[in-house]
Structures are given as structure tokens and as C-alpha cells.
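>>> Let's see this in three dimensions:
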Amino acid sequence: MIKKFLGSTESSIRKTSKENKYVTVSLNNKFKENSVDDRFWIYCKGCNDHVFKKDIEDNLNVCPKCSTHYKLKARDRISLLSDKDSFKEFEFNVDIQDPLNFPKYVEKVNSYKGKTSEAEAIICGICTISNQEIILCVMNPDFMMGSMGSVVGDKITYSIEYAADNNLPIIICTASGGARMQEGMISLMQMAKTSQALAKLEEKNLLYLTILTDPTTGGVTASFSMLGDIIISEPNTLIGFAGPRVIEQTINQKLPKGFQTSEFLLEHGFIDLIVNREEMKNTISDILSIHQINTN
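As a prediction, the model looks like this:
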């Protein structure tokens, strides 16, 4: 017999007889990893309430109570946006660069390959959205926080150039901690390389959409993610270059409330739209249709 009590911080077993055991399972506000609470419940940061984990997972990783958006796996995002079975991933013959011989860097990358079953921190390919052919790139926050090293930069640049060569629009979904420090200056070079590739799209008047997801920070924000013709964000996304603490220490001022959230950036004109996850595909489809009409 199981009884659940909110607010209790420990489980207890009460024996009233040799035959019966009564177990009290707590719902602790401060969940511990691998606890009963953590496996079945989420303490939602948006509505400050306990939410059944499966309810969030079944709702595209969005809280059904308050619409707080949680991280979505890269492959799940591809399935969400693209038409069924239409995504064809590009094959890349590129490998990790370790110009600084950074301690255990290669081992770390290889460990993430094993954990995620992915080659790098971005997945790129061609697909259709509502039967409209596009290039789609989705960053993978589960792979070293979606950090951008030389391989990520190469894959993005190739995808942009492929779009330009084949007169196709491109969509890049960002989720990143920024440039990958283990590669030093090589990682920072990817900012210029990807931005330069985007100039080819502009010359051919091809559409470039960016979808910013939580978090989009560092060198990714300072390069291709903020160069979209239309910049879309999911709700409550952290978007910025340096962190709030670094900025406050640099300028010696207190930052406004909600600074670096997608809602703050929309209000100040840095992004164009905030779109809920369940409405994202339809919104993109409408934008692609309008663009197609205007280019015909």
C-alpha cells in the first residue's frame, strides 16, 4: 500500500503486523538524482508545481500546466519539424581537430559519441516541411552542450553552401553553450566562416530562418544564429553572448529583470517571433509559403 505525501522529505516503512508493510513515498521539492521523485515527477520551474514527468514528455517536453519549454532531443526536433520520413542526413567525412593537444579532449568527444550515438553537436540534412524542400540543421545540446568546434562549423558551412548551390531555403535550430574552448582560435574561426557562407545565400535572395532554443549563447549567438532573415525563438529561451554576471561586473550596473530571455529580446527588437513548440511547424510552413510566392 503506497501513500504519497507532499512536503515530506524522507521515506519510511511502517510495520503494523508481520504480514503488512506500509510505505510512505515523498515528493521532495529538491529532487535528488535517481530518486523516486526524479524518475516520475518534475518540479516545474515555470509554475512551481509538481508535474508528472510523462505528461511533459507526451506534450513535446512542454509543461501542460504553464507551457514552460524543456529541452527537446535533436532527433525529436527533426521529427517535429520535417515531414514524416523526409529527412535525409548529409554524410560528412570530417573528424575532430585537436590543435592545442588539449588534455583528454579527444577522449571526451569520443565518450559523447558513445553516449549520444551522434557524430557531433549538430545534425544536418535535407527534408521537406509541408512538401516544401529545405535544408535543416539542428544543434544537439546533449553533445558537449552543443558547443561549436571545427566539425560543427564545417557541417554548417557545407549546409549553407549546399542550400545556395541548389536554390533552397535553410533553417538552423540553435542550442549551444558557444564556441568550443578546447579548440582555441580554431573554434572562434567558425564564427567568421559560417557568417561568410551566409553571404552567398543573401546574394541569391534565399531564405534563412533561425530557430533559437534554450540556451543559445556565446559564439553561436555572436555569429550565424542572429543573422537569420527571420529569427524565431521558443518561449523562455536564454539568448546571449556573455552571462549576466560577467556583464554586470564589466559595466558595473544591475541588469533589467528577465534580461537575455526571448521575451525581453522580442520586446527590444532583437528577434522577430516567439512561437510555441506545437505551433512551430505550421508557422514555418506559412513563412516558407509566403517566401515561395514572393520569389515566383
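
>>> rest of the way, CA atoms for contacts and neighbours
Fine.

>>> in the stretch 1-150 of the chain, which segments are predicted with low confidence?
Where the stretch 1-150 of the chain drops to pLDDT under 70, the residues are 1-38.

>>> which stretches of it form helices?
In order along the chain, the stretch 1-150 of the chain carries the following helices (DSSP state H, counting those that start in this stretch): 36-40, 53-57, 74-81, 105-116, 150-165.

>>> Could you say which of these is packed most deeply?
Highest mean neighbour count of those: helix 150-165, a mean of 22 (counted as mean count of other Cα atoms under 10 Å).

>>> out of the helices of the stretch 1-150 of the chain, nearest to Pro64?
Nearest to Pro64 among the helices of the stretch 1-150 of the chain is helix 53-57 (6.5 Å), distances taken as Cα to Cα.

>>> what's that closest one packed up against?
Counting by 3 or more Cα pairs under 8 Å, 6 or more residues apart in numbering; DSSP states H and E, the packing neighbours recorded for helix 53-57 are helix 36-40.

>>> What about Trp65, how many residues nearby?
Rather than Trp, residue 65 is Lys. Using other Cα atoms under 10 Å, the number of residues around Lys65 comes to 14.

>>> Which residues are in contact with it?
Cys47 (Cα atoms under 8 Å, 6 or more residues apart in numbering).

>>> Swap in 10 Å and give it another go.
Residues counted as contacts of Lys65 (Cα atoms under 10 Å, 6 or more residues apart in numbering) are 44, 46-47, 49-51, 55-56.

>>> What of Ala175?
If you count contacts by Cα under 10 Å, 6+ apart, Ala175 has them with 71-72, 74, 121-122, 138-142, 145-147, 211-217, 220-221, 225, 237-239.

>>> do that again at 7 Å, thanks
With contact taken as Cα atoms under 7 Å, 6 or more residues apart in numbering, Ala175 is in contact with 139-141, 146, 212-216.

>>> still on that earlier bit, format the contacts of Lys65 as CSV; extra columns: distance to Glu183.
Below are the contacts of Lys65 laid out as CSV (distance: Cα to Cα, whole Å):
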residue, distance to Glu183
Cys44, 36
Gly46, 36
Cys47, 40
Asp49, 41
His50, 41
Val51, 40
Asp55, 40
Ile56, 37
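
>>> Please list only the buried members of these.
Those of those that meet the buried threshold are 44, 50-51, 55-56, by 16 or more other Cα atoms under 10 Å.

>>> Could you find which two of these are furthest from each other?
Within the buried ones among the contacts of Lys65, two members stand farthest from each other by Cα to Cα: Cys44 and Asp55, at 11.9 Å.

>>> Tell me how many other residues crowd Thr250.
Using other Cα under 10 Å, the number of residues around Thr250 comes to 9.

>>> what lines up beside the longest strand out of those in the chain in the sheet?
Longest among the strand segments of the chain by residue count, using DSSP state E, is strand 208-217. Each strand that pairs with strand 208-217, with its direction, by DSSP bridges: strand 170-176 (parallel), strand 230-233 (parallel), strand 239-240 (parallel).

>>> quick one, the first one and helix 74-81 angle?
In other words, strand 170-176. Here strand 170-176 points in a direction 140 degrees away from that of helix 74-81 (axes from the mean of the first three to the mean of the last three Cα atoms, to 10 degrees).

>>> buried ones in strand 170-176?
In strand 170-176, residues buried by neighbour count (16+ other Cα under 10 Å) are 170-176.

>>> give me every residue that touches Phe90.
Under the criterion of Cα under 7 Å, 6+ apart, the contact partners of Phe90 comprise 124-125.

>>> do the same with Ile239
Ile239 is in contact with 215-217, 260-262, counting by Cα under 7 Å, 6+ apart.

>>> Now tabulate those residues in TSV and tack on distance to Pro99 and pLDDT.
What follows is the contacts of Ile239, written out as TSV (distance: Cα to Cα, whole Å; pLDDT from 0 to 100):
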residue	distance to Pro99	pLDDT
Pro215	27	94
Thr216	25	96
Thr217	23	95
Gln260	33	93
Thr261	35	95
Ser262	35	96
